[in-house]
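1. Fold the following, please.
(chains A and B)
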Amino acid sequence: MRIVDILNEQVVRTNLSGSTKPEIIDAMVELAASQPQVLDKERLREAILEREKIMSTGVGSGFAVPHGKTDAVTDIVAAFAVTAQPIDYQSLDEQPVRLVFLLVGRDNMVGPHIKLLSRISRLMNKEEFRKRLLEATSPQEVLEVFRQEEATHFEV
Amino acid sequence: MQLEYLLLVGSILILASIAIAKLSDNLGVPSLLLFLGIGMLAGSEGPGGIYFDDAGLAQSIGIIALVFILFAGGLDTSWRHVKAICWRAASLSTLGVSLTAIGIGVFASFVLDLDLITGLLLGAVVSSTDAAAVFAVLRSRNVSVRGHLKPLLELESGSNDPMAVFLTVGLIQLITNPQTTIGSVALLFVFQMGLGAALGMGLGKVMVMILNRLKLWYEGLYPVFSLAFALFIYGATAAVGGSGFLAVYVAGLVAANSEFVQKKSLLRFFDGLAWLSQIAMFLTLGLLVFPSHIVPVAGVGLLLSAFLMFVARPASVFVSLLFTTMNWREKALVAWVGLRGAVPIILATFPLLTGLPDAELIFNVVFFIVLTSALLQGWSIPAAARLLKLDAPFEQKRRYPIEFAPVEGVDTELIDLIIPYHSAAAGRSIVELNLPSDSLIVLISRADNFIVPSGGTLLQEGDTILVLVNKNNLSQVRSILAKQRRPNEP
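-> Below you'll find the predicted structure:
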């Protein structure tokens, strides 16, 4: 499964407002909730917060990947945003976050979920790629950046 | 009958039922109907020719079976899913059941020309829905219903049986004992249900506590212990005048939502036991019925059954859910998933054993209602769910690459973590990390590959790892992975 297959214009924002970690997570959950795969928004949020408790998903370099598994979705659902301002996300390198990728998978589909997680966290570890995302001005542009980058590094 | 003959016949019937259960997957017919059919075929009027008319024995088998089915049902319910809808379910299984009983009762006394109270007795007997039937049907067609509806239907069907039992017993008392008043029956209701719920909750907790402290030297004894304890909960509650059925169901719920030793294997054990109970119960009931007695009541049976499905059940569902945010489509589906099952047939043996004059009629009519409801509603539920746009893919049990159960004294779970960028752990072998001794990285997902690591495997930034970790050591693992490289390090 490709990252571009799970993103679309409805779930991508380039100027997400919010100034705290909880506000940003809420806004990301709202974005994801627009998708038909989501059966229950509240339980989706719970799954995200539950996972965040185990270890912050602010993996460093200004990027965070809040994620979780729940049966409140029928299939993998994702959202991506560039925040309007730097967010204190309790990241492991203590740097503020501006790039947020939300990924929620079904309880019983662990394989695709962790595969996507590692694909995303590998791409996001490239400074040049992060820079292009931060400079994107529209969801369409973000999707195009993802498409190009993913095609360069992965075959399918 | 000689023992070996009895065992031979009994085992053949059960084996045939299992074979048929497989078949029912393809036919989409609820398997319980097929079990019932086998029982009827084996009975005195079928090719089997086994004469069986012992309503007392059938009732005892039914009650024991129901205890296990309700306990297993409770054990299979996650409180996290049902807590949001528990008041709706409570309304359906108290108000809803009473309204259904009254609706059918009034109509039946009119159609069958019975006293009002005897009609109401018939209504009470068929007033509860059957959890096992509902979910067997949903499972067999590989579809499920959406959102909160599944837990709602599950909780309703598990918790309304005690209510139907109470109404039936209460009405029989009103009929046989002229001194009984409505007031005293109402008081009895509060007493029975209150005591049933309280004892179920308390004894469920006690069971979990004992299981966790027992430290049995032989694993095989855990199922034996919990089986005996389930029967004890029923027996003890009923002995002091509470609702034993409610108590076992509540105890199952309480246990399901606590952690205890051997949980996985006990769940599997009770799942199997619930199946055996269902098969035994329906076979017995199939044997008990005489098809030639059913035929004469087919006309009125059909009429009552239609009234139940299209008037009484929908009306009581809509009234019970009046003050909820559910939309009409959801309510309509709840109304349609009102399958009747074994409980009405078991309850129909109560008047028989009391020797009420119309007991035979009630039994035959009830049997007919169950048959038609299970057949028509059972068959059409997937279609109804699709029609109302409330279907969802069937939920499979959580599947991990590795399965494990909580082990006594070890508090371990499987979690996914991402190796942070600039982590000091990246570029090092797993051995070098010095993870706590009872934690283990079982799988690494890197780019598009899964790697089963060994001690020498090097971690990379952005790897997603599945790690088996003791809750007490989680913070230690976290700090090892979170530690940042010093700037001058590569």
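2. does the residue sitting nearest the centre point of chain A count as helix, strand or coil?
-> Nearest residue to the geometric centre of chain A (C-alpha atoms, centre = their mean): A:Phe101, 1.2 Å. Following DSSP: H, G, I helix; E, B strand; the rest coil, A:Phe101 is assigned to strand.
3. and what of the one 4 residues further on?
-> Judged by three-state DSSP, the three-state class of A:Gly105 is strand.
4. Nearest spatial neighbour of it, chain-adjacent residues omitted?
-> A:His113 (3.3 Å; C-beta to C-beta, 6 or more residues apart in numbering or on different chains). C-beta here means a position set from N, CA and C on the backbone, and glycine is covered the same way.
5. In space, what's closest to A:Asn125 - neighbours in sequence excluded?
-> Of all residues not flanking A:Asn125 in the chain, B:Gly462 sits nearest, at 4.9 Å (C-beta to C-beta, 6+ apart).
6. quick one: the helices in chain A?
-> All helices of chain A, identified by DSSP state H, fall at A:3-6, A:21-33, A:41-54, A:110-123, A:127-135, A:139-153.
7. which of the ones you listed is buried the deepest?
-> helix A:110-123 (a mean of 22; mean count of other C-beta atoms under 10 Å in any protein chain shown).
8. Is it possible to get a markdown table of the helices of chain A that adds mean pLDDT and distance to B:Pro291?
-> Formatted as a markdown table, the helices of chain A follow (pLDDT from 0 to 100; distance: least, C-beta to C-beta, whole Å):
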| stretch | mean pLDDT | distance to B:Pro291 |
| --- | --- | --- |
| helix A:3-6 | 91 | 56 |
| helix A:21-33 | 94 | 54 |
| helix A:41-54 | 91 | 48 |
| helix A:110-123 | 89 | 51 |
| helix A:127-135 | 94 | 72 |
| helix A:139-153 | 91 | 66 |
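9. Residue 61: how many residues sit nearby?
-> Assuming you mean chain A. For A:Ser61, the neighbour count with other C-beta atoms under 10 Å in any protein chain shown is 19.
10. You answered for a different chain; I wanted chain B.
-> 19.
11. With B:Asp448 instead?
-> Neighbours around B:Asp448, by other C-beta under 10 Å: 14.
12. wouldn't it be in contact with A:Arg119 here?
-> Yes: with contact defined as C-beta atoms under 8 Å, B:Asp448 and A:Arg119 form a contacting pair (6.6 Å).
13. What residues are bridge-paired with A:Ser102?
-> Just so we're on the same page, residue A:102 is Leu rather than Ser. A:Ala79 (DSSP bridges).
14. got the contact list for it?
-> A:25, A:28-29, A:31-32, A:48, A:65-67, A:78-80 (C-beta atoms under 8 Å, 6 or more residues apart in numbering or on different chains).
15. just curious, which of those is nearest to A:Thr14?
-> A:Phe80 (9.6 Å; C-beta to C-beta).
16. Run through the residues that contact A:Val142.
-> Per C-beta under 8 Å, 6+ apart, neighbours of A:Val142: A:12, A:14, A:80, A:82, A:133, A:136.
17. most neighbours, which of these?
-> Going by other C-beta under 10 Å, A:Phe80 tops the contacts of A:Val142 with 26 neighbours.
18. Get me the contact residues on chain A for chain B.
-> Applying C-beta under 8 Å from any C-beta of the partner chain, we find that chain A lies next to chain B at A:39-40, A:54-55, A:57, A:59-61, A:63, A:65, A:71, A:74, A:92-93, A:107-108, A:110-111, A:113-115, A:117-119, A:121-122, A:124-125, A:153-154, A:156.
19. Helices of the stretch 1-150 of chain B, residue ranges please.
-> Chain-ordered helices for the stretch 1-150 of chain B, with DSSP state H, counting those that start in this stretch as the definition, fall at B:3-27, B:31-42, B:55-75, B:79-82, B:86-91, B:97-111, B:116-125, B:131-140, B:149-176.
20. Using CSV, write out every CA atom in the shortest one.
-> Included here for helix B:79-82 are C-alpha records, laid out as CSV according to Å, rounded to 0.1, in the frame of the first residue of the first chain:
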residue,chain,number,x,y,z
TRP,B,79,-17.4,-3.2,28.5
ARG,B,80,-15.5,-0.5,26.6
HIS,B,81,-17.8,-1.1,23.6
VAL,B,82,-21.1,-1.4,25.6
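21. Could I get the average pLDDT for it?
-> Averaging the model's pLDDT scores along helix B:79-82 yields 78.
22. Same question for stretch B:448-456.
-> For stretch B:448-456, the mean confidence score works out to 85.
23. Helices of the stretch 251-400 of chain B, start to end?
-> B:263-288, B:291-294, B:298-307, B:313-320, B:328-336, B:342-354, B:359-387.
24. tell me the most buried of the ones you listed?
-> helix B:342-354 (a mean of 24).
25. between it and helix B:359-387, what angle do the directions make?
-> If you take axes from the mean of the first three to the mean of the last three C-alpha atoms, to 10 degrees, helix B:342-354 sits at 170 degrees to helix B:359-387.
26. So what touches helix B:342-354?
-> B:32, B:55-56, B:58-59, B:62-63, B:65-66, B:121, B:124-128, B:130, B:132, B:161, B:164-165, B:168-169, B:172, B:176, B:278, B:281-282, B:285, B:288, B:358-360, B:362-363, B:366-367, B:369-370.
27. Of the residues you listed, which are in range of chain A?
-> Okay, of these, nothing touches chain A (C-beta under 8 Å from any C-beta).
28. quick check, distance from stretch B:50-57 to the centre of its chain.
-> How far stretch B:50-57 lies from its chain's middle: 27 Å, per C-alpha atoms, centre = their mean, to the nearest Å.
29. Only the buried residues of that stretch, if you could.
-> Using 16 or more other C-beta atoms under 10 Å in any protein chain shown as the burial criterion, the residues of stretch B:50-57 that qualify are B:52, B:55.
30. now the end-to-end length of that stretch.
-> One end of stretch B:50-57 to the other measures 15 Å (C-alpha to C-alpha, to the nearest Å).
31. Identify the residues contacting the residue lying closest to B:Thr457 once chain neighbours are set aside.
-> Excluding the flanking residues, the one nearest B:Thr457 by C-beta to C-beta, 6+ apart is B:Ile430, at 5.5 Å. Contacts of B:Ile430 were listed using C-beta under 8 Å, 6+ apart, and they are B:441, B:453-457, B:459.
32. Narrow the residues you listed to those that are buried.
-> When the contacts of B:Ile430 are checked for burial by 16+ other C-beta under 10 Å, the buried set is B:441, B:453, B:457, B:459.
33. In JSON lines: those residues, plus secondary structure.
-> Output for the buried ones among the contacts of B:Ile430, formatted as JSON lines (three-state DSSP):
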{"residue": "B:Ile441", "secondary structure": "strand"}
{"residue": "B:Pro453", "secondary structure": "coil"}
{"residue": "B:Thr457", "secondary structure": "coil"}
{"residue": "B:Leu459", "secondary structure": "coil"}
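34. which one of these is nearest chain A?
-> Chain A has its nearest neighbour among the buried ones among the contacts of B:Ile430 in B:Leu459, at 11.8 Å by C-beta to the nearest C-beta.
35. how much space between the closest one and B:Arg446?
-> 9 Å (C-beta to C-beta, to the nearest Å).
36. do the same with A:Ile48
-> 24 Å.
37. just the contacts of A:Leu102 now: which is nearest B:Leu246?
-> Of all those, A:Ile48 has the smallest distance to B:Leu246: 36.8 Å, by C-beta to C-beta.
38. residue nearest the centroid of chain B?
-> B:Gly73 (2.8 Å).
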